[in-house]
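Visitor: Below: sequence and its predicted model.
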Amino acid sequence: MSESSESAARLRAGDPAPEFTLTADDGSAVSLGEVLASGGKRVVLYFYPAAMTPGCTTEACDFRDNLREFEDAGATVLGVSPDSPEKLAEFRAKEGLTFPLLSDPEKEVLQAYGAFGEKKNYGRVVQGVIRSTFVIDPDGTVAKAFYNVKATGHVDRIKRELGLA
């Protein structure tokens with residue numbers, strides 16, 4: 001493996017999903033354990049670099065437009081970025097997003113999931129958020145882990161993986 005020491009280890013199917021409690025766009029505290037305990041649902045947890053940027057807006061709106069299918073399949077969608085809760089609230093209102101956006105300004109949860117580290121940005125290697133998505137089963141284990149995903153078409157891929165498309 002050629003990952004740098006700066007990059008967190010990547011999660012794989014069967015790994016326990018790291019527990020977290022983060023502040024949501026509405027100021028409430030959201031913890032993975034509580035979401036999983038509220039009805040035995042799966043969680044689709046996606047990490048994105050920054051609210052109100054073109055790719056992140058595309059991805060968030062794609063989740064919004066397909067949210068009913070995820071909910072009907074017993075999945076809760078949560079988005080996480082390093083943005084402040086205030087910026088996330090603005091993003092959610094501007095785009096009519098109908099699922100919680102969580103703030104991780106210290107990037108601790110991003111690092112725990114291996115979604116922060118070295119990545120290529122316009123041909124240069126930089127430290128930043130690695131666009132990633134995890135499907136977490138009701139028992140708290142990772143069912144699927146997707147790293148370095150593209151904003152466009154990613155939601156359809158997750159739907160296919162979950163047998164929704």
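Guide: Perfect, thanks for sending it.
Visitor: Quick one: list the elements packing against the helix or strand hosting Val35.
Guide: Using DSSP states H and E, Val35 falls within helix 32-37. Contact here means 3 or more Cβ pairs under 8 Å, 6 or more residues apart in numbering; DSSP states H and E; on that basis helix 32-37 packs against strand 42-47. Where C-beta positions appear, they are placed from N, C-alpha and C, glycine not excepted.
Visitor: Could you export the strand it packs on as PDB, CA atoms only?
Guide: Provided in PDB are the C-alpha atoms of strand 42-47 (Å, rounded to 0.1, in the frame of the first residue of the first chain):
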ATOM      1  CA  ARG A  42     -29.200   1.300   7.600                       C
ATOM      2  CA  VAL A  43     -27.300   4.500   7.300                       C
ATOM      3  CA  VAL A  44     -25.900   5.900   4.100                       C
ATOM      4  CA  LEU A  45     -23.200   8.200   5.300                       C
ATOM      5  CA  TYR A  46     -21.500  10.400   2.700                       C
ATOM      6  CA  PHE A  47     -18.600  12.800   3.100                       C
END
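Visitor: Identify all contacting residues around the helix holding Val35.
Guide: By Cβ atoms under 8 Å, 6 or more residues apart in numbering, the residues outside helix 32-37 that reach it are 17-21, 41, 43, 45, 76, 78, 136, 138-140.
Visitor: Measure how buried the closest residue to Gly128 other than its chain neighbours is and give me the count.
Guide: Leaving aside its sequence neighbours, Gly128 sits nearest to Lys119 (Cβ to Cβ, 6 or more residues apart in numbering; 5.6 Å). Using other Cβ atoms under 10 Å, Lys119 has 18 neighbouring residues.
Visitor: Give me the helices and strands touching the helix or strand of the chain with the lowest mean pLDDT, please.
Guide: The helix or strand of the chain with the poorest confidence is strand 116-121; it has a mean of 82 (mean pLDDT, DSSP states H and E). If contacts are counted by 3+ Cβ pairs under 8 Å, 6+ apart, strand 116-121 sits against strand 124-129.
Visitor: Give me the residues contacting the strand it packs on.
Guide: So strand 124-129 is contacted by 6, 47-50, 81-82, 107, 110, 115-121 (Cβ under 8 Å, 6+ apart).
Visitor: That strand pairs with which strands?
Guide: strand 116-121 (antiparallel) (DSSP bridges).
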